[in-house]
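1. coordinates for the following, if possible.
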Amino acid sequence: MSAYLNTRVSLYASRLWQGENFESLLRSPDAELPDILAERGLPQLATGFGSHDPLSLEQRIIAQTLDETRVLIRPLTGEARNFLIYWTARFEVSNVKTLLRGKMTGERPAALLTRLTPMGSFGRLDNQELAHAEDVGELLRRLEAGSYAGIVRHAKRAFEQSHDPFNLDAALDRGYYEGLAQRAAPLEKCAGPGFRTLMGNLIDRINLVWLLRYRFNYNLPPAQVYFLLVGSHYSLTGARLRGLAALGSLEAVLAELPQEWRARLAAAPDIPGVFAVMDRVAAEHAVKVLHSNAPAISRAFAYLLLRERDLRAVRAVLRGRHLGLPGADIRLALQRAPAELM
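-> The predicted structure follows:
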């Protein structure tokens, strides 16, 4: 198992993009872009390059991610396999959000189904049945009885209390990442410290960026902010997050972070800047794990994190080009792009 997976990960690692690859994608004529994408291991994007449909682009990026994950899980069993399969479930959680929004706005089932991302063998939902649910309440009840009951249960309760679409989305996100952390916990004992740091960087970044957005962009009260964060045993523990949520400014929050993050984020001017720094730190660690002799599951997860980061950047370049944005604006987007695929 380890030999196959390590070999496959090493082969895939050669597909990761460097700065000059993004510059080439940014500067080259349209006619050359499909070849550039194909050469960098993105055939799904190369064959559909001509489409200007943002949904189509997003779906092709996800299809590429699922294809590579499908190959990496072939030799895996048990907790390692379950973890990587669950890692793909965030795309189906996005489908759940689309279904719920469609029901809230009265969208017709046929139109709603066209906006869902195909999950192939990773799919656990009966989209046809769910799209034809009578209303949001029935849809949530059906979801609660299915594969994502653990994710949906708290979201259903949050929606019943407020009927606020934001609370519903935020509770689904929280439920997904808490499920990911639960599945990562047993692997942290056998996959080495590199795996734990990969997870810690991911959950700490999600929690801190969410906390800042909820508190200072959306002006939510501290108790609600804390409720919407992911339970964590990493650097930003639950107790620390509760204290941070009570603070009154971005600067105050950054000043109370653990020393390691406080030093790195001291110059971050805003919330996108915080994300950019934490994203870069996580990527640097993932590169180290990928090129180390860490257990195969750690190297595979590091690769998937880095590949997703590449795909966010490729998406930013392609969208920017389609919109006719200046190169300088696209480069800025590459540095500060939010983790929308998470």
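2. show me where the stretch 151-300 of the chain has its helices.
-> In the stretch 151-300 of the chain, the helices defined using DSSP state H, counting those that start in this stretch lie at 165-188, 193-212, 222-227, 238-245, 250-255, 259-265, 271-290, 296-323.
3. tabulate those in JSON lines, adding columns for mean pLDDT, distance to residue 140 and mean neighbour count.
-> C-betas here are computed from N, CA, C, even on glycine. Converted to JSON lines, those look like this (pLDDT from 0 to 100; distance: least, Cβ to Cβ, whole Å; neighbours: other Cβ atoms under 10 Å):
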{"stretch": "helix 165-188", "mean pLDDT": "94", "distance to residue 140": "9", "mean neighbour count": "20"}
{"stretch": "helix 193-212", "mean pLDDT": "97", "distance to residue 140": "22", "mean neighbour count": "22"}
{"stretch": "helix 222-227", "mean pLDDT": "95", "distance to residue 140": "19", "mean neighbour count": "18"}
{"stretch": "helix 238-245", "mean pLDDT": "97", "distance to residue 140": "27", "mean neighbour count": "17"}
{"stretch": "helix 250-255", "mean pLDDT": "96", "distance to residue 140": "33", "mean neighbour count": "16"}
{"stretch": "helix 259-265", "mean pLDDT": "93", "distance to residue 140": "36", "mean neighbour count": "13"}
{"stretch": "helix 271-290", "mean pLDDT": "95", "distance to residue 140": "30", "mean neighbour count": "19"}
{"stretch": "helix 296-323", "mean pLDDT": "92", "distance to residue 140": "29", "mean neighbour count": "21"}
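4. now the ones you listed in a markdown table, please, with extra columns for distance to residue 46.
-> Formatted as a markdown table, those follow (distance: least, Cβ to Cβ, whole Å):
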| stretch | distance to residue 46 |
| --- | --- |
| helix 165-188 | 30 |
| helix 193-212 | 29 |
| helix 222-227 | 42 |
| helix 238-245 | 42 |
| helix 250-255 | 41 |
| helix 259-265 | 36 |
| helix 271-290 | 24 |
| helix 296-323 | 11 |
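5. nearest to residue 22, of those helices?
-> Closest to residue 22 of those, according to Cβ to Cβ: helix 296-323, at 6.0 Å.
6. and after the closest one, which helix or strand comes next?
-> Next helix or strand after helix 296-323 toward the C-terminus (DSSP states H and E): helix 327-336.
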